[in-house]
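In: curious how this folds, go ahead:
(chains A, B, C and D)
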Number of protein chains: 2
Amino acid sequence: MSRTVLKALDVLECLAFSGQSLSAPEVAERCGLTRPTTYRLLSTLAARGYVAGGQDGRFRLGNKMLSLSKRLLEYAQLPQLARPELERLCQFAGETVHLGALEDIEVLYVDKVESLTAARMYSIVGSRSPLHSTSLGKAILAFLPDSERTMLLERISLAQRTPNTITDRGRLEEDLRVVRERGYAIDDVENEEGIRCVGAPILGNAGMPIAAVSISGPVVRMTASRVDDLAPALLETGRRISQKFGYISPIRDEPATAASDPAAPTTAPLGEP
Amino acid sequence: MSRTVLKALDVLECLAFSGQSLSAPEVAERCGLTRPTTYRLLSTLAARGYVAGGQDGRFRLGNKMLSLSKRLLEYAQLPQLARPELERLCQFAGETVHLGALEDIEVLYVDKVESLTAARMYSIVGSRSPLHSTSLGKAILAFLPDSERTMLLERISLAQRTPNTITDRGRLEEDLRVVRERGYAIDDVENEEGIRCVGAPILGNAGMPIAAVSISGPVVRMTASRVDDLAPALLETGRRISQKFGYISPIRDEPATAASDPAAPTTAPLGEP
DNA sequence: ACCAGCCGTCCGGCATCTCGGACGTGTCGG
DNA sequence: CCGACACGTCCGAGATGCCGGACGGCTGGT
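Out: Numbering: from 1, shown residues only, chains lettered A, B, ... in the order given. Purely as a prediction, here's the structure:
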């Protein structure tokens, strides 16, 4: 469509695939562009940080590319990084543990670990649930930036799933305020009859919630008091997974410093902090 | 400079920072663009995979962004991922181990591990050496795609560093052919008097060499036969580090499948395969 | 020292893209 | 059922960026 933009993307890809720094004439030759056009596009891309121009007149890909795809990276790594923590939490709690990520206006179930002792629930990995009626959804919603949360709340319907579902916008916002202070969200039989959940957010490098963990169980076992008892371990699990995404954070837009090893084995026991 | 490209970048950043899928009008509103322009830019970016457009008319960042910054990612993660393997190799070989990456037309020393028993060499991390006279450089050169290697060979000078340095383009290309078959490169006192080295490549997701490992030592200990004895462990180290970059490989341009856990502890002893 | 070749930049003619506006369509609400 | 709104698309006027060409400045070779 827009031929100018296509050329700019050509330049970007040319630099990315070469992997090396290229001089402007080299870029021009590889992309089949004239020199003036190449200089204009390179300086435009450089002004935004998409390419980094050395003073020696050579250009390489800029770190802006990385910071833009941070979110994609987190999403791609989420299941692998979260798995062991989910299993530990499940073993500790003896209840089903879910991992959910925000997708559009719903929460997408990304992973699930079921306790051996708990009755098996049907598989819901890959399915979606509303944001306003689940602990996963509320945990994510609560920690979104105000603007994002507002835009999302505008678009969701607050449908009644059970008698306990919060269907009033004001009451939901009040609940989210409590979640922010408390650190975790409670689904008090608001999404499914007979099921009570606790959820805690997983925060990415920029403090943005990229997902959430939850513990779910039948009301007969998941009493209100047990929910609060499980909360500290749940929060600890959320923090642990969040930390695993910390190693991307030092990559800002230019300086690259050392980072903690994300693969370092942490075998400390779960429990009260 | 190029106002059209700047707008396209605005759209890209808007989608990246929102993290969520946005409808075209939302993008238009956030970026302050008119609807027709927004549609054109979005479809242009979508045609190249920079944004992924759902059939529901919503757009999110495409995986092309990730595949473009793969190289940057690898480079950022290289030191952390390679460290433990370098240390094991150093302990096994009892000689100095280097990690080097291609930067422009030279090899950049990224990390170094020195044996306790070996005499300390001056610190060279951060410095550069020629490609044609080092085992690191030749290991990288040998496994580059033909076109890249040719372009690089055009630009380097084949300066004589020692009497053994290969200063003839034809002989160098023949040596690189041997390196490709054998799997590792030998610096037979070609870069520094009295120092002999073996180097093996570290291959990234696409089979492109992103760095190399080497074992260096004084000729009195690093005889030609010892070089060959150390080669299997060196190659194994290169393979191990290469594998750590494998988890990015499943991320092609759309399908995202499960990957092997990069953090899995591998404690098998080094040695002959 | 000279010359040659390349690099980076600047200028006119032309093609292309953008803007503003308007149209047909689908959905939601009354 | 109809009206209203928003979405996605299409069109002319105008502006903007692109191509081809040409100019200083530099490096490297002779």
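In: could you use CA atoms for every contact and neighbour count after this?
Out: Will do.
In: by how many degrees do the helix or strand hosting residue A:11 and helix B:3-18 diverge?
Out: Secondary structure from DSSP states H and E places residue A:11 in helix A:3-18. On the basis of axes from the mean of the first three to the mean of the last three CA atoms, to 10 degrees, helix A:3-18 is oriented at 60 degrees to helix B:3-18.
In: show the average pLDDT along helix A:3-18.
Out: In this model, helix A:3-18 carries a mean pLDDT of 90.
In: let's see it as PDB, backbone CA atoms only.
Out: The C-alpha trace of helix A:3-18 is given here as PDB (Å, rounded to 0.1, in the frame of the first residue of the first chain):
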ATOM      1  CA  ARG A   3       5.300   2.500  -0.800                       C
ATOM      2  CA  THR A   4       7.300   4.800   1.400                       C
ATOM      3  CA  VAL A   5       6.600   2.700   4.500                       C
ATOM      4  CA  LEU A   6       7.400  -0.500   2.700                       C
ATOM      5  CA  LYS A   7      10.800   0.900   1.800                       C
ATOM      6  CA  ALA A   8      11.400   1.900   5.400                       C
ATOM      7  CA  LEU A   9      10.600  -1.700   6.400                       C
ATOM      8  CA  ASP A  10      12.900  -3.000   3.800                       C
ATOM      9  CA  VAL A  11      15.700  -1.000   5.400                       C
ATOM     10  CA  LEU A  12      14.800  -2.300   8.800                       C
ATOM     11  CA  GLU A  13      14.800  -5.900   7.700                       C
ATOM     12  CA  CYS A  14      17.900  -5.500   5.800                       C
ATOM     13  CA  LEU A  15      19.700  -4.300   8.900                       C
ATOM     14  CA  ALA A  16      18.100  -7.000  11.000                       C
ATOM     15  CA  PHE A  17      18.900  -9.900   8.800                       C
ATOM     16  CA  SER A  18      22.400  -8.900   8.100                       C
END
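In: after that helix, which helix or strand is next?
Out: Assigned by DSSP H and E, the successor of helix A:3-18 is strand A:22-23.
In: quick one: that following strand near DNA strand D?
Out: No - using CA under 7 Å from any atom of the strand, we find that strand A:22-23 stays clear of DNA strand D, coming within 14.5 Å at best.
In: how far does that strand sit from its chain's centre?
Out: 36 Å (CA atoms, centre = their mean, to the nearest Å).
In: that strand and DNA strand C, any residue contact?
Out: Yes - legend: contact between strand A:22-23 and DNA strand C by CA under 7 Å from any atom of the strand is shown at residue A:23.
In: against which helices or strands is that strand packed?
Out: Counting contacts by 3 or more CA pairs under 8 Å, 6 or more residues apart in numbering or on different chains; DSSP states H and E, strand A:22-23 packs against strand A:58-61.
In: so for the strand it packs on, what's the average pLDDT?
Out: 89.
In: wait, does the helix holding residue A:11 contact DNA strand C?
Out: Yes - using CA under 7 Å from any atom of the strand, helix A:3-18 reaches DNA strand C at A:3, A:4.
In: tell me what that helix is packed against?
Out: helix A:24-31, helix A:35-47, strand A:58-61, helix B:3-18, helix B:35-47, helix B:64-93.
In: specify the angle between it and helix A:35-47 in degrees.
Out: 70 degrees.
In: buried sites along helix A:3-18?
Out: A:4-16 (16 or more other CA atoms under 10 Å in any protein chain shown).
In: can I get these in TSV including distance to residue A:101?
Out: Shown next, in TSV, are those (distance: CA to CA, whole Å):
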residue	distance to residue A:101
A:4	36
A:5	32
A:6	33
A:7	35
A:8	33
A:9	30
A:10	33
A:11	34
A:12	30
A:13	30
A:14	34
A:15	33
A:16	30
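In: hmm, back to that, give me the distance from the helix holding residue A:11 to the chain's centre.
Out: For helix A:3-18, the distance to the chain centre is 29 Å (CA atoms, centre = their mean).
In: equivalent analysis for stretch A:81-97, please.
Out: Worked out by CA atoms, centre = their mean, stretch A:81-97 lies 18 Å from the chain centre.
In: what are the contacting residues of it?
Out: Applying CA atoms under 8 Å, 6 or more residues apart in numbering or on different chains, the set of residues contacting stretch A:81-97 from outside is A:98-99, A:111-118, A:213-217, A:230, A:233-234, A:237, A:240-241, A:244, A:270.
In: low pLDDT regions in chain A?
Out: A:55, A:117-121, A:123, A:246-273 (pLDDT under 70).
In: the residue in the stretch 101-250 of chain A positioned nearest to DNA strand D: neighbouring residues, count only.
Out: Nearest to DNA strand D, among the residues of the stretch 101-250 of chain A, is residue A:155, at 11.2 Å (CA to the nearest atom of the strand). Using other CA atoms under 10 Å in any protein chain shown, residue A:155 has 10 neighbouring residues.
In: tell me who's in contact with the closest residue to residue A:131 other than its chain neighbours.
Out: Using CA to CA, 6 or more residues apart in numbering or on different chains and skipping residues adjacent in sequence, the residue nearest residue A:131 is residue A:137, 3.9 Å away. Residues near residue A:137 by CA under 8 Å, 6+ apart: A:100, A:102, A:106, A:107, A:130, A:131, A:212.
In: need the max-distance pair from these.
Out: Based on CA to CA, the longest span within those runs between A:130 and A:212 and measures 13.7 Å.
In: so these two - more neighbours on which side?
Out: More neighbours surround residue A:212 than the other of residue A:130 and residue A:212, with 29 against 20 (other CA under 10 Å).
In: now the residue nearest the centre of chain A, what's its secondary structure?
Out: Residue closest to the mean C-alpha point of chain A, counted by CA atoms, centre = their mean, is residue A:210 at 1.6 Å. At residue A:210, secondary structure determined by DSSP: H, G, I helix; E, B strand; the rest coil is strand.
In: before we move on, back to that, select from the contacts of residue A:137 the one having the most neighbours.
Out: residue A:100 (31 neighbours).
In: wouldn't that residue be in contact with residue A:106 here?
Out: No - Residue A:100 is beyond contact range of residue A:106, at 9.7 Å (criterion: CA atoms under 8 Å).
In: and chain A, what are its domains?
Out: Split into domains by automatic domain parsing, chain A comes to A:3-62, A:69-248.
In: for residue B:195, find the nearest of these.
Out: Among the domains of chain A, domain A:3-62 sits nearest to residue B:195 (CA to CA), with 28.6 Å.
In: show the end-to-end separation of that closest one, please.
Out: 23 Å (CA to CA, to the nearest Å).
In: ok, now stretch A:153-163?
Out: 20 Å.
In: and DNA strand C, is it touching that?
Out: No - Stretch A:153-163 does not reach DNA strand C (CA under 7 Å from any atom of the strand); its nearest approach is 9.6 Å.
In: pull the residues that contact that stretch.
Out: A:105, A:132-133, A:165-169, A:189-193.
In: return the subset of the contacts of residue A:137 lying in helices.
Out: Residues from the contacts of residue A:137 lying in helices, with DSSP state H as the criterion: none.
In: filter the contacts of stretch A:153-163 down to the buried ones and hand me the ChimeraX line.
Out: Burial among the contacts of stretch A:153-163 is assessed by 16+ other CA under 10 Å; the matching ChimeraX selection reads:
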select /A:105,132,133,165,166,167,189,190,191,192
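In: give the helix, strand or coil label for residue A:201.
Out: Following three-state DSSP, residue A:201 is assigned to strand.
In: show me what contacts it?
Out: With CA under 8 Å, 6+ apart, residue A:201 has these contacts: A:136, A:139, A:140, A:143, A:184, A:209, A:210, A:211, A:212, A:213, A:235, A:238.
In: run the last query once more with 6 Å
Out: By CA atoms under 6 Å, 6 or more residues apart in numbering or on different chains, the contact list for residue A:201 reads A:139, A:140, A:212.
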